[in-house]
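Trainee: Sharing a model that was predicted from the sequence below.
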Amino acid sequence: MENHQKMLDSYFGRLSLSKSRESEHNRNESHHKRLTSKEQTSSKAAGSRRNTMCLSNVRSGNSKARNIKAAGRLSNIAERLPDEILLKIFGLLRPCDLLVCSCVCQRWMKLAGDNLLWQPLYERYKLSQPGEPDSVYTTHAGTRWKRAFMDRCIQRRNTRLKQLLKKKDPYTGLPANTDSILEKLGTKWYVILRDRDDRLHSFCDSDVSYHNTSVTVRWYPPEFIPPDKIQGFDFKAEASVLFERDGSPIKDSPRKSSHLLSIPWKAPHVQSINRGEDDALNLRLPYPGVIVALWKDGGGLAFLSLSLHKWGLVERCLLGDNNSAYQPKLIRPPADDVDSQYGLHGYTCIVELRQQRMPCWSERFTKIHCPKEKIDGGHVTFTLIHMDTETDHSALTRKLCLPWKTDLFKGIYQDLCILDVTLFDEFSQPFWSVCTPVSVKKVEKGDLSMVYHGEQFLVHYSDCKGHIDASIVRDEDDRYLVTSLILSLKVEAINSWFSTSYS
């Protein structure tokens, strides 16, 4: 019995071992099948992705080709459209968009300037003030309504700005809103270099700075044309014509150009030579208010600067044309045969010494007069600051010099500043306006002073109407004080303005 029991136990043991091995084999086989199916699936997916990418590239190429073909079809459609349909489309556009369309081709230029488009626009842009004068255009076949529309927009703009110019600045006596008006106009300042082959090279302003009675514009592009090829300089201002309802200029608005100044370039005399920190430049002053800076190394143009007086500046920027400058209207005082001192009293003068961007000194003088008996040597002399009266003396806020910059370099030109002078007669009309660079010259032996013992300097300017002299002293506290200011007018200038006969 024991042997039979052992045999049975051995048989069942072998049977369970074979079953366990079989189940393990089945599990391994099923696992292998699952891995194989996953690999096949991933391989199919990769192939599908590759096919999709290839298909997308093909579709992308086809899309680009279709876009090119579509653009060609659109251009062909635009070319095949009759004039009547294009005029209907153009009639839905803004004036500035019409002007852009006129630059596409000759056909569009002709259609975009059609009277059927511009006459309704002319009627729509009416003056805001019903009583204001308007341009007169009769409705006949020869009227160019596009030109009439532009003229009406310019007149509408100028009418609005005249109202803003009526307000006067209490300090300077000039229009109070000159700075904001020029900015609202979107004014751009251009210098045009004429070379010896009569070709024009135009440059837009690099920066603009506004002061009490003047404006300074500078140009320093990366590269000018060589000075030896320059024949002359033309300075112009451009202002927008079309404006939004809020008063800001339309982005693509046409612009009207106004000529400001033309000067020849014939190697003018160098007015001052640098004596201080900067030795890179030579400055030439070919015309009052104009600075031409030349590199000492190579002689090329470094920058150009133009300083303009604010009297009549807005009108000069608006009312001039492309070839000739606008001349502000002079309002001469009436003749007077009762006042024996007529033309010798009641003046107001504003004098400012400054750099190109920053002020250095400014004073306003009122009720200026000179007795008839003190007319001497054909000049009428007004003493604005007395050297002996210490309470008249005032300090400069900055040293008189001319900081400059270009795209790559900057420096300081010593012993040079900008002088602004505005002289009003007793009727508050501008009699003399000056805005020009002047030299600051050191005086070796000046008038003796019991108060100041430092270095003395002199600023001098003269033209056909008179001259002005300012004495400046450096005191022991390293301050610069204006200790004397003398204004002299020529008798012939006073006689011409007031219709007098002084001698």
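Mentor: Good, I have the coordinates. Residues are numbered from 1 along each chain as shown.
Trainee: after the longest strand seen in the chain, next one along is what?
Mentor: In the chain, ranked by residue count with DSSP state E as the criterion, the top strand is strand 430-443. Per DSSP states H and E, the first helix or strand lying C-terminal to strand 430-443 is strand 456-462.
Trainee: Pretty sure Leu489 sits against Asp463.
Mentor: No - checked against C-beta atoms under 8 Å, the pair Leu489 and Asp463 is beyond contact range at 10.9 Å. In short, each C-beta sits where N, CA and C put it, glycine included.
Trainee: higher neighbour count, those two?
Mentor: Under the criterion of other C-beta atoms under 10 Å, the comparison of Leu489 against Asp463 puts Leu489 first, with 24 against 13.
Trainee: List the contacts of the more buried one.
Mentor: Taking C-beta atoms under 8 Å, 6 or more residues apart in numbering as the definition of contact, the neighbours of Leu489 are 379-380, 382, 432, 465-466.
Trainee: I'd guess it is in a helix, am I close?
Mentor: No - counting by DSSP: H, G, I helix; E, B strand; the rest coil, Leu489 is not found in a helix; it is strand.
Trainee: Show me what it is bridged to.
Mentor: For Leu489, the beta-bridge partners under DSSP bridges are Val380, Gly466.
Trainee: Out of the contacts of Leu489, flag the one nearest to Gln355.
Mentor: Taking C-beta to C-beta as the measure, Gln355 sits nearest to Trp432 out of the contacts of Leu489, at 22.8 Å.
Trainee: burial of Lys162, as a residue count?
Mentor: Applying other C-beta under 10 Å, we find 13 residues neighbouring Lys162.
Trainee: buried residues in whichever strand or helix holds it?
Mentor: With elements taken from DSSP H and E, the one containing Lys162 is helix 145-164. Using 16 or more other C-beta atoms under 10 Å as the burial criterion, the residues of helix 145-164 that qualify are 145-146, 148-157, 160-161.
Trainee: ok, the closest residue to Leu174 other than its chain neighbours - contacts?
Mentor: Leaving out its chain neighbours, the residue that sits closest to Leu174 by C-beta to C-beta, 6 or more residues apart in numbering is Lys310, at 5.1 Å. Counting by C-beta under 8 Å, 6+ apart, Lys310 touches 172, 174-175, 178, 213-215.
Trainee: same thing but 6 Å
Mentor: Counting by C-beta atoms under 6 Å, 6 or more residues apart in numbering, Lys310 touches 174, 178, 213-214.
Trainee: again with Pro175
Mentor: Leu165.
Trainee: Could you do Phe382 as well?
Mentor: Neighbours of Phe382 in contact, by C-beta under 6 Å, 6+ apart: 368, 370, 487.
Trainee: The last one reaches Ile468, doesn't it?
Mentor: Yes - proximity of Leu487 to Ile468 meets the contact threshold set by C-beta atoms under 6 Å, at 5.2 Å.
Trainee: if I look at Ala280, how far off is Pro227?
Mentor: To Pro227, Ala280 is 16 Å away according to C-beta to C-beta, to the nearest Å.
Trainee: gap between stretch 148-160 and the chain center?
Mentor: Distance, stretch centre to chain centre, for stretch 148-160: 23 Å (C-alpha atoms, centre = their mean, to the nearest Å).
Trainee: ditto for stretch 247-266
Mentor: A distance of 10 Å separates the centroid of the chain from that of stretch 247-266, by C-alpha atoms, centre = their mean.
Trainee: Other residues contacting it?
Mentor: Under the contact criterion C-beta under 6 Å, 6+ apart, stretch 247-266 has outside partners 96, 99, 184, 186, 230, 232-244, 286-287, 317, 320, 322-325.
Trainee: Which members of these occur in strands, if any?
Mentor: Here DSSP E is the test, and the contacts of stretch 247-266 give 230, 232-240, 286-287 as lying in strands.
Trainee: With respect to per-residue confidence, which of those residues is lowest?
Mentor: Among the ones in strands among the contacts of stretch 247-266, Ser240 has the lowest pLDDT, at 87.
Trainee: mind listing what that residue touches?
Mentor: With contact taken as C-beta under 6 Å, 6+ apart, Ser240 is in contact with 186, 249, 253, 255.
Trainee: cool, and Ala293?
Mentor: Counting by C-beta under 6 Å, 6+ apart, Ala293 touches 281, 283, 302-303.
Trainee: With respect to Thr397, which of those residues is nearest?
Mentor: Of all the contacts of Ala293, Thr397 sits closest to Leu283, with 23.4 Å by C-beta to C-beta.
Trainee: element containing the closest one, please.
Mentor: Per DSSP H and E, Leu283 falls inside strand 281-287.
Trainee: which strands and helices sit next to that strand?
Mentor: Based on contacts counted as 3 or more C-beta pairs under 6 Å, 6 or more residues apart in numbering; DSSP states H and E, the elements that strand 281-287 packs against are strand 290-295.
Trainee: can you give me the mean pLDDT across the helix or strand that the strand it packs on is followed by?
Mentor: Toward the C-terminus, strand 290-295 is succeeded by strand 301-309 as the next helix or strand (DSSP H and E). Averaging the model's pLDDT scores along strand 301-309 yields 95.
Trainee: Name the residues of strand 301-309 that are buried.
Mentor: Counting neighbours by 16+ other C-beta under 10 Å, one finds that the buried residues in strand 301-309 are 301-309.
Trainee: Phi and psi next, for Lys168.
Mentor: For Lys168, the backbone dihedrals are phi -100, psi 150 (criterion: degrees, to the nearest 10).
Trainee: Start at 28, not 1
Mentor: Happy to do that; since the first residue is 28 now, the last one works out to Lys195.
Trainee: contacting residues for the nearest residue to it once chain neighbours are set aside?
Mentor: Distance criterion C-beta to C-beta, 6+ apart; nearest residue to Lys195, sequence neighbours excluded, is Ala203 at 6.0 Å. Shown here is Ala203, whose contacts under the criterion C-beta under 6 Å, 6+ apart are 194-196.
Trainee: circling back to that earlier point, please identify which of the contacts of Ala320 is nearest to Asp442.
Mentor: Within the contacts of Ala320, the smallest distance to Asp442 is 10.5 Å, found for Leu310 (C-beta to C-beta).
Trainee: Next up, the contacts around the closest one.
Mentor: Residues in contact with Leu310 (C-beta under 6 Å, 6+ apart) are 318, 320.
Trainee: Give me the phi and psi angles of Cys128.
Mentor: Dihedral angles for Cys128 - degrees, to the nearest 10 - are phi -60, psi -30.
Trainee: Also the one 3 residues further on?
Mentor: Here the main-chain torsion angles of Val131 (degrees, to the nearest 10) amount to phi -80, psi -50.
Trainee: coming back round to it: just curious, which of the contacts of Ala203 is nearest to Val365?
Mentor: Relative to Val365, the closest of the contacts of Ala203 is Lys195; by C-beta to C-beta it sits at 28.3 Å.
Trainee: that older thread, looking at the contacts of Lys337, which has the most residues close by?
Mentor: Of all the contacts of Lys337, the highest neighbour tally under other C-beta under 10 Å goes to Ser241, namely 27 neighbours.
Trainee: Against Phe451, how distant is it?
Mentor: Relative to Phe451, Ser241 is positioned 16 Å away (C-beta to C-beta).
Trainee: what's near enough to touch Thr199?
Mentor: Each residue near Thr199 by C-beta under 6 Å, 6+ apart is listed here: 239-240, 377.
Trainee: what about the nearest residue to Leu371 once chain neighbours are set aside, how many neighbours?
Mentor: Nearest-residue entry for Leu371: Cys397, 5.2 Å, with adjacent residues in sequence omitted and distances by C-beta to C-beta, 6+ apart. Counted with other C-beta under 10 Å, the burial measure for Cys397 works out to 21 neighbours.
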